[in-house]
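Trainee: Predicted structure and sequence below. I'll ask about it afterward.
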Amino acid sequence: GENVEQHPSTLSVQEGDSAVIKCTYSDSASNYFPWYKQELGKRPQLIIDIRSNVGEKKDQRIAVTLNKTAKHFSLHITETQPEDSAVYFCAASITGGGNKLTFGTGTQLKVEL
Amino acid sequence: SQTIHQWPATLVQPVGSPLSLECTVEGTSNPNLYWYRQAAGRGLQLLFYSVGIGQISSEVPQNLSASRPQDRQFILSSKKLLLSDSGFYLCAWSPQGGGYTFGSGTRLTVV
């Protein structure tokens, strides 16, 4: 089955700096890659996603890039703010057949003032 | 718009007691439904998923079971809870080929 590795496990940045979280996946058939943000004690919430026919997608301060050849994708957050502090999860799936998401192990992002 | 309801929000149960967690989705038909478990400070582990009424796929062998008696209802059960069943249980739904929307979760503590 699919295996998703995520790095780093913790990331501390200064407010205003950029943060980058990287994930690799094992199944070349995976074609859908969402990112979730989970605040302490809350549910994960979808913040951005990308499909395999696209190399990059941007939404305000958040962007995701995908390299299908290398089987890795990354989340980029620019101009970080304290409210960006949370755990971020990447995931991968093959659409159809239950659309099962395999999640990475999470990155604890801390934005310091 | 679609909404997902999950209850209860918190639960403290003794070892060996039964469990029933319920999840319902509104505003969509034939959703894919999922149960995930998240141990403290850990990632998300897929327990069960369902692509239709009565269709349940199990990802991890354990003392839990799931049922989908109606199109938009998904139930997680156990006959006898273990200490290791403690965790944050999340129900989720997705359209075909789309991202998940998670319920608010149930924090289960087995004592």
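Mentor: Looks like it arrived, so ask away.

Trainee: In this structure B:Pro18 contacts B:Ser78, no?
Mentor: Yes - in this structure, B:Pro18 is within contact of B:Ser78 by CB atoms under 8 Å, at 6.3 Å. No exception for glycine: its C-beta is placed from N, CA and C like everyone else's.

Trainee: okay, these two: which has more neighbours?
Mentor: A side-by-side neighbour count of B:Pro18 and B:Ser78, using other CB atoms under 10 Å in any protein chain shown, places B:Ser78 first with 19 against 10.

Trainee: Which of the three states applies to B:Ile56?
Mentor: Applying DSSP: H, G, I helix; E, B strand; the rest coil to B:Ile56 yields a three-state assignment of strand.

Trainee: That one contacts B:Ser50, correct?
Mentor: Yes - taking contact to mean CB under 8 Å, the distance of 5.3 Å between B:Ile56 and B:Ser50 places them in contact.

Trainee: more crowded one of those two?
Mentor: Ranked by neighbour count (other CB under 10 Å), B:Ile56 and B:Ser50 place B:Ser50 first, with 21 against 17.

Trainee: one step back: give the residues shared as contacts by B:Ile56 and B:Ser50.
Mentor: Shared between the contact lists of B:Ile56 and B:Ser50 (criterion: CB atoms under 8 Å, 6 or more residues apart in numbering or on different chains) are residues B:Ala66, B:Arg68.

Trainee: Count the neighbours of the closest residue to chain A within chain B for me.
Mentor: Closest approach between chain B and chain A, counting by CB to the nearest CB: B:Gly97, at 3.5 Å. Close neighbours of B:Gly97, defined as other CB under 10 Å, add up to 14.

Trainee: Find the nearest non-adjacent residue to it, please.
Mentor: Setting aside the residues directly before and after it, B:Gly97 is nearest to A:Thr95 in space (CB to CB, 6 or more residues apart in numbering or on different chains), at 3.5 Å.

Trainee: Show me where the chain has its strands.
Mentor: All of this is about chain A. Ranges of strands in chain A, per DSSP state E, are A:4-7, A:10-14, A:19-25, A:32-38, A:45-51, A:56-59, A:62-67, A:72-77, A:86-92, A:102-103, A:107-112.

Trainee: wrong one, I was asking about chain B
Mentor: Taking DSSP E as the test, the strands found in chain B are B:3-7, B:10-13, B:19-26, B:32-38, B:44-52, B:55-58, B:64-70, B:73-78, B:87-94, B:101-102, B:106-110.

Trainee: right, and the strands of chain A - which one's nearest B:His5?
Mentor: strand A:45-51 (16.2 Å; CB to CB).

Trainee: which parts of the closest one are buried?
Mentor: For strand A:45-51, the buried set under the neighbour-count rule, 16 or more other CB atoms under 10 Å in any protein chain shown, comprises A:Leu46, A:Ile47, A:Ile48, A:Asp49, A:Ile50.

Trainee: Perfect, that will be all.
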